[in-house]
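Q: Output the structure for:
(one chain, ligands or ions: 1)
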Amino acid sequence: MKEIKISEEFLNRMRDLLGEEDYNAYLKSFEEERLYGLRVNTLKVSPEAFVKMTSLKLLPVPWISNGFYYDGEERPAKDPYYYAGLYYLQEPSAMTPAHMLPIVPGDKVLDLCAAPGGKSTELGAKLRGKGLLVSNDISNSRARALLKNLELWGIENICVTSEEPQKLKTTFAGFFDKILVDAPCSGEGMFRKDADMVKSYEEHGPEYYEAIQKEIVGHAVDMLAPGGLMMYSTCTFSICENEDIIRLILENHTDMELVKLPLFEGASDGIGLSGCLRLFPHKIKGEGHFMALLRKKGGSVGTEETKTGRKKEKELPKELSQFLSLISKPLITSRIEIKNDCVYYLPEYFPENGGKLRYLRTGLCLGEMKKERFEPSQALAQSLKMEEFKQTLSFQKEDERVIRYLKGETVFLTEMEERIKGWCLICVDGFPLGFAKGNGDTLKNKYYPGWRWQ
Ligand SMILES: C[S@@+](CC[C@H](N)C(=O)[O-])C[C@H]1O[C@@H](n2cnc3c(N)ncnc32)[C@H](O)[C@@H]1O
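A: Numbers count the residues shown, from 1 in each chain. Prediction:
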């Protein structure tokens, strides 16, 4: 077995859970190396096109259409395409819950325990800019990392909150069409990936998390609209954190029913509760996960026409209007809100007063009003397609100016290149990285300092 010290108590539980034969296969899986995965951002690029562009050696994750394995020796986070938000690094079995939650553009979606955004990024991509994604995490510092990942990913219809589920409910009772609860858990499926998880497991085991999960799911059910779907997932194996939680929901909420998840090669049914789905490291090429899909009876969701509730055109400051005229995709001015000089593009369905919640972001941050001018944001650049901005400059990935730009340095144009004046969207192979301001043959770098290439 690999050098991972796991308690006897845990191993005994796993033997009881799996039976002797499967348990031995599970133990053997520790002799294998952990697996590395990335998920392609389908908001920006198709998996087929990405495979052709990238220099990474990829193998498809069989059950995830946009998921791939990469070699652990590679450094995919040190790549301009990563800075363009073309992919997210994620363990393959963790890709499954967001993949199996059927989101349609226009849905109102909640990701209740969302940081750092491994699943929210996929939920947002599936919305394709329509509807609303509320991504929440109780930890403020983790919610900040979540916000960065959502903005890098280019999702415009987001709200990021950092609240207790009970508080969130005061604004969103019965509101959401789809909810993902990727619950905090004892992390038994993480031991091979992260040996430190063993230590934290010894401090807080399944019983500790079970109590938290019970509370969270109760509030989640209350925020689901009739006809809505809720996916519950964990990266742990214990029954008390998985099937028992689902059973409890079904007992306490007679309006909730289990929706059978389809099995695929290597996936296992729930233990003692058929219709759930389990992934084990000795049966699939992934670290392990549990998930169950539930439906609230009554109503039907996901087919409603999108509506904003704020239809009246709004007059905008001249500097802002001038800048927005450089963007070709239509923006509904009634959804633009200016708060303390920051300009936001609110998503459809954003509650009229927003409620008294700790928001880290309400919609897409378009930029900031400064004296007599408007400064566009990094998030806006990442949310655009190259063809949606009037003046663009796309470098090939190999061009040393890509890294210079990402480091925040001044970028010089060659004599052969056209002179650039004013705001310009800098791209790598046609994918936006950020803004710069042209002054003839040099570009003043406007890449967000906090995100610079290190
Ligand atoms: C398994 S992680 C989520 C991983 C995330 N879904 C992803 O795919 O990147 C669980 C998260 O739940 C958060 N959390 C813990 N207790 C919570 C609570 N009561 N309400 C909301 N979030 C909570 C933790 O801060 C942690 O970020």
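
Q: Need the pLDDT of D196.
A: Looking at D196, its pLDDT is 78.

Q: What is the neighbour count of it?
A: If you count neighbours by other C-beta atoms under 10 Å, D196 ends up with 11. In this view, the C-beta of every residue, glycine as well, is placed from N, C-alpha and C.

Q: how close does it get to the ligand?
A: Using C-beta to the nearest ligand atom, to the nearest Å, D196 is found at 15 Å from the ligand.

Q: tell me the contacts of that residue?
A: Contact analysis of D196 by C-beta atoms under 8 Å, 6 or more residues apart in numbering lists nothing.

Q: where along the stretch 51-200 of the chain do the strands fall?
A: Secondary structure of the stretch 51-200 of the chain by DSSP state E, counting those that start in this stretch: the strands cover 58-60, 67-70, 87-89, 108-111, 132-136, 158-161, 176-182.

Q: of those, which approaches T236 most closely?
A: strand 176-182 (11.4 Å; C-beta to C-beta).

Q: For that closest one, which strands pair with it and how are they oriented?
A: strand 108-111 (parallel), strand 224-234 (parallel) (DSSP bridges).

Q: In contact with the residue nearest to S328 when sequence neighbours are not counted, which residues?
A: Residue nearest to S328 in three dimensions, not counting chain neighbours: E388, with 5.1 Å by C-beta to C-beta, 6 or more residues apart in numbering. Going by C-beta under 8 Å, 6+ apart, E388 touches I327, S328, K329.

Q: Turn the strands paired with strand 176-182 into JSON lines, including mean pLDDT.
A: JSON lines is the format used below for the strands paired with strand 176-182 (pLDDT from 0 to 100):
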{"stretch": "strand 108-111", "mean pLDDT": "98"}
{"stretch": "strand 224-234", "mean pLDDT": "98"}
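
Q: any idea which of the ones you listed is most buried?
A: Per residue and on average, the most neighbours among the strands paired with strand 176-182 fall to strand 108-111, with a mean of 28 (mean count of other C-beta atoms under 10 Å).

Q: surely I420 meets F412?
A: No: using C-beta atoms under 8 Å as the test, I420 is too far from F412 to be in contact (11.1 Å).

Q: what touches both of those two?
A: L443.

Q: Look at those two and report which has more neighbours.
A: Between I420 and F412, I420 has the larger neighbour count (other C-beta under 10 Å), namely 21 against 11.

Q: List the contacts of the more buried one.
A: I420 neighbours (C-beta under 8 Å, 6+ apart): Q391, L393, L413, G438, G440, L443.

Q: Which one (most neighbours) among the residues you listed?
A: When neighbours are counted by other C-beta under 10 Å, L443 leads these with 23 neighbours.

Q: Okay, and that one sits in which element?
A: Taking DSSP states H and E as the criterion, L443 maps to strand 442-445.

Q: For F10, report the pLDDT, please.
A: Per the predicted model, pLDDT is 88 at F10.

Q: Looks like it contacts G187 (just checking).
A: No: using C-beta under 8 Å, F10 makes no contact with G187, being 11.2 Å away.

Q: Now for the two: what residues contact both?
A: Y201.

Q: More neighbours: which of these two?
A: G187 (23 against 19).

Q: phi, psi of A436?
A: phi -150, psi 160 (degrees, to the nearest 10).

Q: Tell me the bridge partners for K444.
A: Going by DSSP bridges, K444 forms beta bridges with K437.

Q: ok, it - how many residues close by?
A: 12.

Q: got the residues of the stretch 201-350 of the chain near the ligand?
A: I212, I216 (C-beta under 6 Å from any ligand atom).

Q: What segments of the stretch 201-350 of the chain are strands?
A: 224-234, 256-259, 268-269, 277-279, 289-296, 336-339, 342-345.

Q: could you dump those strands to TSV with distance to A115?
A: Output for these, formatted as TSV (distance: least, C-beta to C-beta, whole Å):
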stretch	distance to A115
strand 224-234	15
strand 256-259	26
strand 268-269	28
strand 277-279	22
strand 289-296	17
strand 336-339	24
strand 342-345	21
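
Q: Please identify which of these is closest to F323.
A: strand 342-345 (9.5 Å).

Q: mind listing what's buried in the helix of greatest length in the chain?
A: Identified as the longest helix of the chain according to DSSP state H is helix 206-222. Neighbour-count burial for helix 206-222 flags 206, 209-210, 212-214, 216-222 (criterion: 16 or more other C-beta atoms under 10 Å).

Q: distance of G228 from M100?
A: 15 Å (C-beta to C-beta, to the nearest Å).

Q: swap that for E188, sorry
A: 21 Å.

Q: pLDDT weak spots in the protein?
A: Along the chain, the parts satisfying pLDDT under 70 run over 1-4, 301-311.

Q: ok so, going back, of all the strands paired with strand 176-182, which one is nearest L425?
A: strand 108-111 (28.4 Å).

Q: For that closest one, list the C-alpha coordinates in PDB.
A: What follows is strand 108-111, C-alpha atoms only, in PDB (Å, rounded to 0.1, in the frame of the first residue of the first chain):
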ATOM      1  CA  LYS A 108     -32.700  29.400 -11.400                       C
ATOM      2  CA  VAL A 109     -29.800  27.300  -9.900                       C
ATOM      3  CA  LEU A 110     -28.300  27.200  -6.400                       C
ATOM      4  CA  ASP A 111     -25.000  25.700  -5.600                       C
END
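
Q: Run the contact check for that strand versus the ligand.
A: No: against the ligand, strand 108-111 shows no contacts by C-beta under 6 Å from any ligand atom, the least distance being 6.6 Å.

Q: So what's the gap between that strand and the chain middle?
A: 11 Å (C-alpha atoms, centre = their mean, to the nearest Å).

Q: What of stretch 441-454?
A: 25 Å.

Q: same thing with stretch 260-278?
A: On C-alpha atoms, centre = their mean, the centre of stretch 260-278 falls 24 Å from that of its chain.

Q: tell me which residues of that stretch are tucked away?
A: Quick answer for stretch 260-278 (16+ other C-beta under 10 Å): L261, A267, S268, G270, L273, G275, C276, L277, R278.

Q: would you list those in TSV and tack on distance to D194?
A: Listed next are the buried residues of stretch 260-278 as TSV, based on distance: C-beta to C-beta, whole Å:
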residue	distance to D194
L261	26
A267	23
S268	23
G270	25
L273	28
G275	30
C276	25
L277	23
R278	20
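
Q: Most widely separated two among those?
A: A267 and L273 (14.8 Å).

Q: Straight-line length of stretch 64-72, end to end?
A: Length of stretch 64-72, first residue to last, C-alpha to C-alpha, to the nearest Å: 19 Å.
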